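S.K.: Build me a model:
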Amino acid sequence: MKYAQIKKRARKLITQGILIWIPMMRIRYSVGNTQYDKLFDAYLYKKSGFRLFLVALIRDPSDFTFEEVENPRKYTLEPIITDPNEIMNDLIDFKESLTKKKKEIDEKIRLTPFAQAATLFIPMVGEIYSKPIDDLWIIENALSILDTLQISPDKKIDIISHELIFMPIIIDLDKKKAYEPALSTKESKSITFLLNKYKVVRKFFEQLIESLE
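M.R.: Predicted coordinates for the structure are as follows:
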């Protein structure tokens, strides 16, 4: 089994929460003449049904050091996805869903200059428009990542190789923070953002941790 090594300076973070080893799939693929090598979530998005994990957890393998381990470590989760094509197809489906949602929000928040200014000063107007605008920012960021990786229904994706990697994450439910100690000593911006933004994510991790302990 292949694990991402926890950085020496990040080992102290283990006391900050629960250390869980998440299965990731390293997929090397090509689109036209361009090749890509990325790590993709192979568990969280399927288990939780929260597909934003798919994009939020895309990682660059060159940022990690890997080691072969004979026996599974404590709290190592079994992958739900074992076929790289399933991950790619799910990403394409998710992109189509995001594109449709973006169009719906764009139509909803075609604001006049007055309405744009009013969202800052009039609470009722702000409540009406702040959530769609916030959602639009998240959607546009996700679409930008997928566009950069050329993951699209109109692109032919050829899988070159794939392998399973286990990546450590530390979840601190009390402080609503998460860490990726194999990547950095700082908190994980993407997972921490999801923990704070979405109740469904917090509930999922609560149930996951309860099932492990």
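
S.K.: center of the chain - which residue?
M.R.: residue 56 (2.2 Å; Cα atoms, centre = their mean).

S.K.: what's near enough to touch that residue?
M.R.: If you count contacts by Cβ atoms under 8 Å, 6 or more residues apart in numbering, residue 56 has them with 190, 191, 193, 194. C-beta: built from backbone N, CA, C; applies to glycine.

S.K.: So residue 61 sits against residue 28, correct?
M.R.: No: in this structure, residue 61 is not within contact of residue 28 by Cβ atoms under 8 Å, at 9.2 Å.

S.K.: Wait, residue 36 touches residue 150, no?
M.R.: Yes: using Cβ under 8 Å, residue 36 is in contact with residue 150, at 7.5 Å.

S.K.: Break down the chain into its strands, ranges please.
M.R.: Using DSSP state E, the strands found in the chain span residues 2-4, 18-31, 34-41, 66-68, 157-172, 177-179.

S.K.: Tell me which residues are up against the first one.
M.R.: Contact partners of strand 2-4, identified using Cβ under 8 Å, 6+ apart, comprise 21, 64-69, 73, 163-168, 182-183.

S.K.: Give me the mean pLDDT for that strand.
M.R.: Average pLDDT, strand 2-4: 98.

S.K.: How far does that strand sit from its chain's centre?
M.R.: In this view, strand 2-4 has its centroid 19 Å away from the chain centroid, taken as Cα atoms, centre = their mean, to the nearest Å.

S.K.: Same check on the third one?
M.R.: Using Cα atoms, centre = their mean, the distance from the centre of strand 34-41 to the centre of the chain it belongs to is 14 Å.

S.K.: farthest-separated two in the contacts of strand 2-4?
M.R.: Distance extremes for these: the farthest pair is 68 and 183 at 19.4 Å, using Cβ to Cβ.

S.K.: For these two, indicate the residue with more neighbours.
M.R.: Neighbours per residue (other Cβ atoms under 10 Å) separate residue 68 from residue 183, with residue 183 holding more: 19 against 7.
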